[in-house]
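Participant: Sequence first, then the predicted structure:
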Amino acid sequence: MSDIPGPTDPLTPLGAPPSPDPGPVPAQTPAALRPIPFEDLEAIPGFWARVGAMFRLVFSNPMELFDRVPTTGGLGAPWRFLLLMSVPVFLVTALLFFLLGMGIMVAALEEAGKPEGRVIAAAMPLVFGALLLLMPLFTFLGMVVFGALSHAFLWMWGGLKPGVGVGQSIRAYGYASAFIQLGAWIPTLGFLIQIAGLVVIGMGLARMHKTEAWRGICAVMTPLVLICCCGFMLIMAVPAILAAVGR
């Protein structure tokens, strides 16, 4: 009876030791994200070029803005961008307020024969200058307070995940709210743009923290709901307060 060799691997020569198991093939990791365009001085050196890149990013893929936020740190860059977007809105709003509202009040005082009208007219430039000087502080405080509140309410809604701290939530809120500042100035649509912007911020925070979108939306809407409830209670209490004072 002749010896018949068993089946062999055609790619393995006879008598060669078996090749070791290479193990599982590692998955390819995606390329690291670039920083937010406004902070990417290496790729975009020009200031206004970085501002334009921010608009292109937001209008092409807004959620990528929130993906790029954790690549860097610090509150200075989002604060400067928010301040840059807030200055035009502030100037237009303040000018309309002073020229229309204060003009009507001064004219009414002058018609009533009271000298306070000239004093108020002379003080208006000083008030406007003081508000302009305090604007950076108010902008920074608003970014920090509302960004931290969104982070806190996201924790209350069970959406926080390890690895993304309150600083990153504040950064994301600052960049996103800068675009809401501009959109809110559009007549008739301003309020709807603000609400839609808050929804986008909520979805972006949920994306950063790897949680459900509804948790992020509820987190950014909770302060607005609380403010509306407090305002409604205050309005309802005004008649009772006036009645008590008149007695």
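Facilitator: Thanks, I have it.
Participant: list the contacts for A184?
Facilitator: Shown in contact with A184 (Cβ atoms under 8 Å, 6 or more residues apart in numbering): 89, 190-191, 193-194, 197. C-beta here means a position set from N, CA and C on the backbone, and glycine is covered the same way.
Participant: can you rerun that using 6 Å?
Facilitator: The contact partners of A184, taken as Cβ atoms under 6 Å, 6 or more residues apart in numbering, are 190, 193-194.
Participant: any chance of these in CSV, plus distance to K210?
Facilitator: CSV is the format used below for those (distance: Cβ to Cβ, whole Å):
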residue, distance to K210
G190, 32
I193, 27
Q194, 26
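Participant: Measure how buried S150 is and give me the count.
Facilitator: 25 (other Cβ atoms under 10 Å).
Participant: Surely it touches C218?
Facilitator: No: using Cβ atoms under 6 Å, S150 makes no contact with C218, being 10.4 Å away.
Participant: Using PyMOL, define a selection of the buried residues within the contacts of A184.
Facilitator: Applied in PyMOL, the following selects the buried portion of the contacts of A184 according to 16 or more other Cβ atoms under 10 Å:
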select buried, resi 193+194
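Participant: Restricted to helices, list the contacts of A184.
Facilitator: 190, 193-194 (DSSP state H).
Participant: Can you convert those into JSON lines and add a column each for pLDDT and distance to V166?
Facilitator: Below are the ones in helices among the contacts of A184 laid out as JSON lines (pLDDT from 0 to 100; distance: Cβ to Cβ, whole Å):
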{"residue": "G190", "pLDDT": "77", "distance to V166": "29"}
{"residue": "I193", "pLDDT": "86", "distance to V166": "26"}
{"residue": "Q194", "pLDDT": "86", "distance to V166": "23"}
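Participant: and the gap between the nearest residue to G183 once chain neighbours are set aside and L83?
Facilitator: Nearest non-adjacent residue to G183, counting by Cβ to Cβ, 6 or more residues apart in numbering: I193, 3.8 Å away. Distance, I193 to L83, by Cβ to Cβ, to the nearest Å: 20 Å.
Participant: So which elements touch the helix or strand hosting L226?
Facilitator: L226 is part of helix 213-246 when elements are defined by DSSP states H and E. For helix 213-246, the elements it packs on are helix 116-156, helix 190-208, judged by 3 or more Cβ pairs under 6 Å, 6 or more residues apart in numbering; DSSP states H and E.
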